[in-house]
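[1] Fold the following for me, if possible:
(2 chains)
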Protein chains: 2
Amino acid sequence: MAADKKVEAITSMEEDFAQWYTDIVKKAELMDYSSVKGCMIFKPAGYALWENMQQELDRRFKETGVQNVYMPMFIPESLLEKEKDHVEGFAPEVAWVTQGGLQPLQEKMCVRPTSETLFCDFYKNDIQSYRDLPKVYNQWCSVVRWEKETRPFLRSREFLWQEGHTAHATAEEAEERTLQMLDVYADFCEEFLAIPVIKGKKTDKEKFAGAQATYTIEALMHDGKALQSGTSHNFGDGFAKAFGIQYTDKDNKLKYVYQTSWGATTRLIGAVIMVHGDDNGLVLPPKLAPVQVMIVPIMQKKEGVLDKAFELKEALLKFRVKVDDTDKSPGFKFAEQEMRGIPVRVEIGPKDIQANQAVIVRRDTGEKIIVSLNEIVAKITELLQTIQTDMFERAKERRDSSISTAVNYEEFQDAVKNRQGFIKAMWCGNQACEDKIKEDTTATSRCMPFEQEQLSEVCVCCGKAAKHMVYWGKAY
Amino acid sequence: MAADKKVEAITSMEEDFAQWYTDIVKKAELMDYSSVKGCMIFKPAGYALWENMQQELDRRFKETGVQNVYMPMFIPESLLEKEKDHVEGFAPEVAWVTQGGLQPLQEKMCVRPTSETLFCDFYKNDIQSYRDLPKVYNQWCSVVRWEKETRPFLRSREFLWQEGHTAHATAEEAEERTLQMLDVYADFCEEFLAIPVIKGKKTDKEKFAGAQATYTIEALMHDGKALQSGTSHNFGDGFAKAFGIQYTDKDNKLKYVYQTSWGATTRLIGAVIMVHGDDNGLVLPPKLAPVQVMIVPIMQKKEGVLDKAFELKEALLKFRVKVDDTDKSPGFKFAEQEMRGIPVRVEIGPKDIQANQAVIVRRDTGEKIIVSLNEIVAKITELLQTIQTDMFERAKERRDSSISTAVNYEEFQDAVKNRQGFIKAMWCGNQACEDKIKEDTTATSRCMPFEQEQLSEVCVCCGKAAKHMVYWGKAY
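    Numbers count the residues shown, from 1 in each chain, chains lettered A, B, ... in the order given. Okay, here's the model as predicted:
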């Protein structure tokens, strides 16, 4: 049966980026479509990426004092409606439960699209005194948003995420936590996923429903489109006032708390694919890769080859290592390992064994290195670090070379039309210009980066006095 | 403010077991009630127990080749209806989503009460050849069952669990996996949670909707009631036939797969409370405890005491250790540590420091041990092991002494009425007797244990020839 199974080539990125993406998610066996429209199935290879992300993010969260909790998945309609902006933002895209068991519900409930309202309802009773603050809670769960158009990992009706929800005694502390968590996301993306990000603040138009300020990290995909990769919101005391969350301070006065929330989702898997992938498939950064090293025995039926391959595996157990001892051909195994994005392949056959060596192949560059078996542990240790760093550097170079600057509207429109990537341009702060730019070009404001530059004195759209430099771009 | 906060005594177990249970879950801050009727909030101390259980179970699963995946949380009505027994069992207790966004759905969907139907729908396409088998998948998620009466951890409308779903080429392999996973649960309960369990098979009346056979582990709570603590189901090819899951075997013939599923839930937290807890609160087995050692400084305002406490913490970092340096009184801290079930308390004050010693107190027995600071790491290492073993042994002794034997109906009724615990009795295999026993005594058949005994020749109820020895009992 093996012979009739072959690794089919995938659509090239140049030819059709969307199809290339779909080919990868299917052929690297990351996901499958389900009978539930707009909902996807995470297959083992896809879920393993999420597990590794979860574990690393969770560790980073806990280092900053985060505690995990779990809230109900349902929100009664009256609870969702308590904060005006929030309900306006989410009500149009939730799924409603109207029947429980054989009875209609007295009050319908939505499946959580996000859980601010549930946390507020809980904090209202749980927080009494300044001694109960801060609350720095997080939950890992799935949420539902009734999207019309969906794409694997990037936008689906149900997705997996974490949502942090904190409550603080002061506005300053809330702002500090908001920015601290944005930094956690940025460091995680850059150090673990090897994805460079731009940190900044969303415009009012793009901020979260009910937030005072939304901060974001924006990454650039291989096709020049932006992907919002994590957001952190400062709610001020808006939700606290809507829900009546008050505490008695040291001075014995009743005060409202200040709140934040922050989330990162399984769309990060989409980011990894679209930042690092190539025409041979997925390319995984070593820190994320569920399997870091795949040993492929050559002429494995020859006596001693498989034994040596497994002996080598034992020597490499400090890495996440596997031997592919299936009866597929080596060529098929190579293609499969490449499709799955495994960072390092080790080829070992009779000639290698005789020479006490192995052939190491880098997934990211295709480079082949012959290495003595005596030095292979040290070499792979070094190589995995190098690959991790190189992948980040290459992504960063590509990102940086995809940033254009526009100082007038002609330049701006030309940049959106003829160049891919981010466009830096000045903005007056008026939503009318944001709307016009989106209307004219389909580009949206991605963020007002923390690193501001003064490109010109005037708004790229209306010519009035500029207030902020903004990164613009087409986005997922 | 500290002075006005005190640890209130909880209701004693003898006085009112149900109230004792509720007091513990609230005062050990494991959970809170939510505005969503029948759904609970897992607070940090409660969720941390689930995280530790998850981590350990997941590790044990993966050792047997399990891979994690994630399926949608919704099941379209037509999919739920495909297997006749299954839909009859679950349809009366599901929550229905009838509206998505602003539109009514064309087909209503339920929130998964369990995911057999989703896995079958997936396997139908994913399994083609014998090479695709076995599939040994699992997911960690929450499920919803519209229960009328709910109790924290034991029965709630939404609960957290894992559900494994496997597909195999042969009936033998499916049966083997079913029993293998039951063993994983049993070992986990006994070794990690220190809860002794009885392994056995459910009667047809008590088996899972759609299963050919259901195996169970049954534990005994402190009040003499049984708690089903994990189940493993063999579906034979029933679901495969209902869903058309076929593969081409080596002989080129099309065959149906054989399936299993198995689950354990957050009710295990309830089991830990009701097996190990006492009138001072929760008692956690050391392997499960999120905090294993709590250092309580005595006269902490005296110079050097807090420093020494933190120095000691550094020395004890191989354990999960904390210092309680809040401004509460030592007595309050002791009571709080006891309420939370932390296995070992270390008290250290000026006199101890002078004598280069500390006082160690066991949560499970209250025993105090004075130990030299030079030997404290070794002593606590040993003590945690001892506590883990002792807790299991004590629970086992209590369980074993709560098993009665009944060889006629009078004895049986007397045992249910006057003694707490399991009742061993022979059964003819006829459901009419099971129904009558439940009707007469409220006791249900817990399982037909793997370790069968021949207590008599005849059924305890009808007097006809006996087929099985059954454990009976009142159950949660």
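[2] so where's the longest helix in chain A?
    Longest helix in chain A by number of residues (criterion: DSSP state H): helix A:376-400.
[3] What residues sit buried inside stretch A:312-324?
    By 16 or more other Cβ atoms under 10 Å in any protein chain shown, the buried positions in stretch A:312-324 come out as A:312, A:313, A:316, A:319, A:320, A:321, A:322, A:323, A:324. Just so you know, the C-beta spots here come from the backbone N, C-alpha and C atoms, and that holds for glycine as well.
[4] Next, residue A:283: secondary structure please.
    Under DSSP: H, G, I helix; E, B strand; the rest coil, residue A:283 falls in the coil class.
[5] now the strands: where do they sit in the stretch 151-300 of chain A?
    Assigned by DSSP state E, counting those that start in this stretch, the stretch 151-300 of chain A shows strands spanning A:158-168, A:198-201, A:213-220, A:226-236, A:246-248, A:254-256, A:258-265, A:293-297.
[6] Please identify the pairing partners of the first one and their relative orientation?
    The reference is to strand A:158-168. Strand A:158-168 has the following sheet partners, assigned by DSSP bridges: strand A:135-144 (antiparallel), strand A:258-265 (antiparallel).
[7] still on that earlier bit, report the angle between the axes of the longest helix of chain A and strand A:293-297?
    120 degrees (axes from the mean of the first three to the mean of the last three Cα atoms, to 10 degrees).
[8] Output the contacting helices and strands for helix A:376-400.
    If contacts are counted by 3 or more Cβ pairs under 8 Å, 6 or more residues apart in numbering or on different chains; DSSP states H and E, helix A:376-400 sits against strand A:213-220, helix A:267-276, helix A:305-315, strand A:344-348, strand A:357-362, strand A:368-372.
[9] What are the contacting residues of that helix?
    Helix A:376-400 is contacted from outside by A:190, A:194-196, A:219-220, A:222, A:275-276, A:283, A:285-287, A:292-293, A:312, A:315-316, A:318-319, A:343-344, A:346, A:358, A:360, A:362-365, A:369, A:371, A:421-422, using Cβ atoms under 8 Å, 6 or more residues apart in numbering or on different chains.
[10] what's the answer for stretch A:454-463, then?
    For stretch A:454-463, the surrounding residues in contact (Cβ under 8 Å, 6+ apart) are A:405-409, A:411-412, A:424-428, A:430, A:432-433, A:436-437, A:464-466, A:469.
[11] Is any residue of stretch A:73-89 near chain B?
    Yes. Residues of stretch A:73-89 contacting chain B under Cβ under 8 Å from any Cβ of the partner chain: A:73, A:74, A:75, A:76, A:79.
[12] near chain B, which residues of the stretch 151-300 of chain A show up?
    A:157, A:158, A:160.
[13] where does chain A dip in pLDDT?
    Scanning chain A for pLDDT under 70 picks out A:1-8.
[14] residue nearest the centroid of it?
    Among the residues of chain A, the one closest to the centroid is residue A:268, at 2.1 Å (Cα atoms, centre = their mean).
[15] on that earlier part again, looking at the buried residues of stretch A:312-324, spot the one nearest residue A:172.
    residue A:320 (42.7 Å; Cβ to Cβ).
[16] Confirm for me that the closest one is in contact with residue A:290.
    Yes. Between residue A:320 and residue A:290 there is a contact under Cβ atoms under 8 Å: 6.4 Å.
[17] about what we covered before: which of the residues of stretch A:73-89 next to chain B fall within helices?
    Reading helices off the residues of stretch A:73-89 next to chain B with DSSP H, I get residue A:79.
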